[in-house]
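# my questions are about this predicted structure, shown below with the sequence.
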Amino acid sequence: MPGELQVERLAARRWLVQLPTRRATIRLAARLAPALRAGDLLALSGDLGAGKTFFTRALCRRLGVSESIPVTSPTFALVQPYEGRLPIVHVDLYRLGDADEVFQLGLRQAREDALLVIEWPRTFLDVVGGGEVSIAFSLHADGRQVQIDLGEAQPDVVSRFGAVLAASVSSARAKKAPL
Ligand SMILES: Nc1ncnc2c1ncn2[C@@H]1O[C@H](COP(=O)(O)OP(=O)(O)OP(=O)(O)O)[C@@H](O)[C@H]1O
Ligand SMILES: [Mg+2]
């Protein structure tokens, strides 16, 4: 069914989303995209191959980045900007070892007028200004799942993301509820 997504609320600001298929990941990106604004920070964690870049690509497409532009892991470029309905800066900090190197990338400034998406953020979130939406990917059964944690996010971010996620929970519940 188009648009269906399994979302569960684990705590006031923590959500679990099942991504059994790539299509579900694309759907999650589609749900979150309208809630995104310049200045937001998405911190994508999880093992190699857990789906961070796949999700970022889906998000970029939904935000209007042309199919002709490849969206891949910027493991060597470190920082890759894209132009969609808002500027997007995609970063992979996997190879960086200390906060000074991260500081030199100028991400705090870049974030002022762009959506910042960081893979492998580890301990470097303060360097880029914090206030992140944490999206933690893990392998689950044959697919993936993510925990979305709004615990560090600013109130306006919590309300934008919270609204989208809460709407996803209630529609799933409504479907299951007896008549
Ligand atoms: N439900 C799913 N959601 C996302 N990707 C999936 C899913 N199921 C399978 N995959 C596959 O898993 C792989 C995820 O690779 P991806 O490059 O996104 O990982 P990554 O987390 O960015 O890894 P790295 O840490 O190396 O950058 C892709 O080959 C994708 O096709
Ligand atoms: Mg990646």
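Received it, and whenever you're ready, just let me know what you need. Ligands and ions are numbered 1, 2, ... in the order given.

# does Leu16 count as helix, strand or coil?
Using DSSP: H, G, I helix; E, B strand; the rest coil, the structure places Leu16 in strand.

# what is the burial count for the residue lying closest to Gln154 once chain neighbours are set aside?
Of all residues not flanking Gln154 in the chain, Gly131 sits nearest, at 5.1 Å (Cβ to Cβ, 6 or more residues apart in numbering). No exception for glycine: its C-beta is placed from N, CA and C like everyone else's. Close neighbours of Gly131, defined as other Cβ atoms under 10 Å, add up to 16.

# hmm, Gly131 is touching Asp156, no?
No: in this structure Gly131 lies outside contact range of Asp156 using Cβ atoms under 8 Å: 10.1 Å.

# show me the shaky parts of the protein.
1-3, 170-179 (pLDDT under 70).

# what does it have sitting close to ligand 2?
Residues of the chain lying close to ligand 2 (Cβ under 5 Å from the ion) are 52-53, 73, 119.

# just the ones of those residues in strands?
Those of these mapping onto strands are Glu119, per DSSP state E.

# the residues of the chain next to ligand 2 into a markdown table, with extra columns for distance to ligand 1?
Output for these, formatted as a markdown table (distance: Cβ to the nearest ligand atom, whole Å):
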| residue | distance to ligand 1 |
| --- | --- |
| Lys52 | 3 |
| Thr53 | 3 |
| Ser73 | 4 |
| Glu119 | 5 |
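
# quick one: buried ones out of the residues of the chain next to ligand 2?
Among the residues of the chain next to ligand 2, those buried by neighbour count (16 or more other Cβ atoms under 10 Å) are 52-53, 73, 119.

# about what we covered before: need the max-distance pair from the residues of the chain next to ligand 2.
The distance between the two most remote of the residues of the chain next to ligand 2 (Cβ to Cβ) is 7.9 Å, for Lys52 and Ser73.
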